[in-house]
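Student: Could you look at this predicted model? Sequence included:
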Amino acid sequence: PFDINMAYDAGYDAIAQYTNVQLSEVTGLVQDAIFSRGPRGVWRTGMLIGGRDVDLAMDMLETAKKSMVPPFEISVFADPSGAFTTSAAMMARVEQLLIKNFGGTLEGRKVSVFGATGPVGGCTAVIASKYGATVQMVAHKTMADVEEKAAAYNKRYGTNIVCVDGSSDELKTQILASTDIALCCAAAGVRVLTIEQMKSSKTLKVVADVNAVPP
């Protein structure tokens, strides 16, 4: 419903949904869309790649772009789980607050990402790293899962993200003691940090929660 509402509100008047699409099917879908409309019809055609797998969405985006034959080219946008747009909005707001209140950008700041293994957590980590921050992804359960994600992001996007254990309240407090920015990217309704933990830090400048669901 989220993607469908966004498409209607953006002004599209015809929306077709394709589910369980495999990477091998992307070329066929793109070429069916472009060659059926003509060079002018494609101006009014767009493709949104959704799903929940960030890496697969990026692979599909690249495949879609390579499948086009000028002048038969449509707009293609990847946003799995809304993670790209949500992460970008979150980081833009964080940077606004840094500039307004602390006279600087993300450059050189230390960023800790909680709820790091989800799509939004991973995207915020990559964006922050790309904009010059020192980024650590915080492990809520096992370090292995987060280390695997960080290694994959570092390889694909040329980032330098590290991992840290945050599996207890005490460890979270220790992490916040040297963090400039804490990003809470856990599932809806999950409280990641307490007010007491935030107050204990002498370095925290911005705390952001990606989600509007209480608490």
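Tutor: Great, that's in hand.

Student: Is it correct that K149 is in contact with T117?
Tutor: Yes. Applying CB atoms under 8 Å, one finds K149 in contact with T117, separated by 5.7 Å. To be clear about C-beta, it is placed using only N, CA and C from the backbone, and glycine gets the same treatment.

Student: overlap in contacts of these two?
Tutor: Residues touching both K149 and T117 (CB atoms under 8 Å, 6 or more residues apart in numbering): M137.

Student: Need phi/psi at A208.
Tutor: Main-chain dihedrals, A208, degrees, to the nearest 10: phi -130, psi 140.

Student: i'd like the first residue to be 48 from this point on
Tutor: Let's use 48 as the start, then, which means that last one is A255.

Student: Mind listing the residues bridging to it?
Tutor: For A255, the beta-bridge partners are L230 (DSSP bridges).

Student: ok, it touching I228?
Tutor: Yes. Counting by CB under 8 Å, A255 touches I228, with 7.5 Å between them.

Student: Could you list which residues are in contact with the nearest residue to P166 once chain neighbours are set aside?
Tutor: Residue nearest to P166 in three dimensions, not counting chain neighbours: A130, with 3.5 Å by CB to CB, 6 or more residues apart in numbering. Counting by CB under 8 Å, 6+ apart, A130 makes contact with 101, 165-167, 169-170.

Student: got these as TSV, with distance to E120 columns?
Tutor: Output for these, formatted as TSV (distance: CB to CB, whole Å):
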residue	distance to E120
V101	24
G165	32
P166	27
V167	30
G169	29
C170	26
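
Student: Can you flag the buried ones in those residues?
Tutor: 101, 165-167, 169-170 (16 or more other CB atoms under 10 Å).

Student: Can you flag which of those residues belong to helices?
Tutor: 101, 166-167, 169-170 (DSSP state H).

Student: Helix or strand next in line after the helix ranked longest in the chain, which one?
Tutor: When the chain is scanned for its longest helix (criterion: DSSP H), the result is helix 130-149. Sequence-wise, the next helix or strand downstream of helix 130-149 (DSSP states H and E) is strand 157-161.

Student: Quick check, central residue of this structure?
Tutor: Centroid-nearest residue in the chain, with CA atoms, centre = their mean: C170, separated by 3.0 Å.

Student: I figured Y59 was touching L95, is that so?
Tutor: No. Y59 is not in contact with L95 according to CB under 8 Å; the separation is 9.6 Å.

Student: who's more crowded, these two?
Tutor: Neighbour count, other CB atoms under 10 Å: between Y59 and L95, L95 has more, with 18 against 14.
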